[in-house]
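[1] Following is a predicted model, sequence given first.
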Amino acid sequence: MKVLMYHNIDHPPKTSEMKSLYVSPQKFQRQMQILRSMKFRVVEPNRFVEGKRSVMLTFDDGYKDFLEKAYPILKEMNLPAIVFVPAKLVGSYNVWDSYKLGVKKYLMDWEELSFLVKEGIKIGSHTLTHPFLTRISPSEARREIEASKKLLEDKLGIPIDAFCYPYGDYNQEIKKMVAEAGYRYAYTTVEGDWRREDDPLEIKRIYVSGYWTSLRFLLKILI
Ligand SMILES: [Zn+2]
């Protein structure tokens, strides 16, 4: 199966760098329709299955556009998804790369996340503040990994068992901390399909670029 990785579901602001992070709502809707018409199974987050025509939908960073643009489409089509949020930045914005990208992207607040939880959307941890985990001290990294789980669990009242490495940055030491914190699944940015023999703390994904045409999307999910 394939785990699809999305960031923003919106039109990119003209000034933004890395416009590939933005999939327009129209394109996203079309992609979901392609999944349906090609008889793909969209599996529950953290439920891995073997088989070519299966995908999981993941959204990094918890942008407000998930609630405003992606969620209505998912709800209408009854599709499950998971959103990875930097727990200390809930209700704030992308402070980790807003300067570099030249754009402030607002993140959902606790009330909005609670609403999504009630609606059946899964939430995972994306640390506290979205650092490069291998570039900070081990004690800081451990805190980012452990305290984010606790904060999300306290605020949302649900168990959090999935983690997503910011920037896909991790090593064996970081992975061990993720395991010791009690996470069962950790999502990377390594490109590839999910296979049964894969380490559940090193889940590969497919980056869905905003530049893809529908045909490119179709080819990507079929091969
Ligand atoms: Zn991220």
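    All right, it came through fine.
[2] Against D10, how distant is the nearest residue to T188 once chain neighbours are set aside?
    Nearest non-adjacent residue to T188, counting by Cβ to Cβ, 6 or more residues apart in numbering: G168, 5.1 Å away. In this view, the C-beta of every residue, glycine as well, is placed from N, C-alpha and C. As judged by Cβ to Cβ, to the nearest Å, G168 and D10 stand 22 Å apart.
[3] higher neighbour count, the two?
    Each of G168 and D10 has its neighbours counted (other Cβ atoms under 10 Å); D10 has more, 21 against 16.
[4] Now do the more buried one against P80, distance only.
    In terms of Cβ to Cβ, D10 sits 21 Å off from P80.
[5] now W194
    Relative to P80, and taking Cβ to Cβ, W194 is found at 16 Å.
[6] And E140, by the same measure?
    33 Å.
[7] what about the closest residue in space to L101 that isn't next to it in sequence, neighbour count?
    Leaving aside its sequence neighbours, L101 sits nearest to E17 (Cβ to Cβ, 6+ apart; 4.7 Å). Using other Cβ under 10 Å, E17 has 12 other residues around it.
[8] now do T213
    Neighbour number of T213 under other Cβ under 10 Å is 10.
[9] Strands along this structure, start to end?
    Assigned by DSSP state E, the chain shows strands spanning 2-6, 8-9, 22-23, 41-42, 54-60, 82-85, 122-125, 162-164, 185-191, 203-207.
[10] Convert the C-alpha atoms of the helix or strand of the chain with the lowest mean pLDDT to CSV, please.
    Ranked by mean pLDDT, DSSP states H and E, the weakest helix or strand in the chain is helix 98-101, scoring a mean of 92. Output in CSV follows, covering the C-alpha atoms of helix 98-101 (Å, rounded to 0.1, in the frame of the first residue of the first chain):
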residue,chain,number,x,y,z
SER,A,98,7.7,31.0,7.8
TYR,A,99,10.8,33.2,7.3
LYS,A,100,12.4,30.8,4.8
LEU,A,101,9.1,30.3,2.8
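[11] That'll do, ta.
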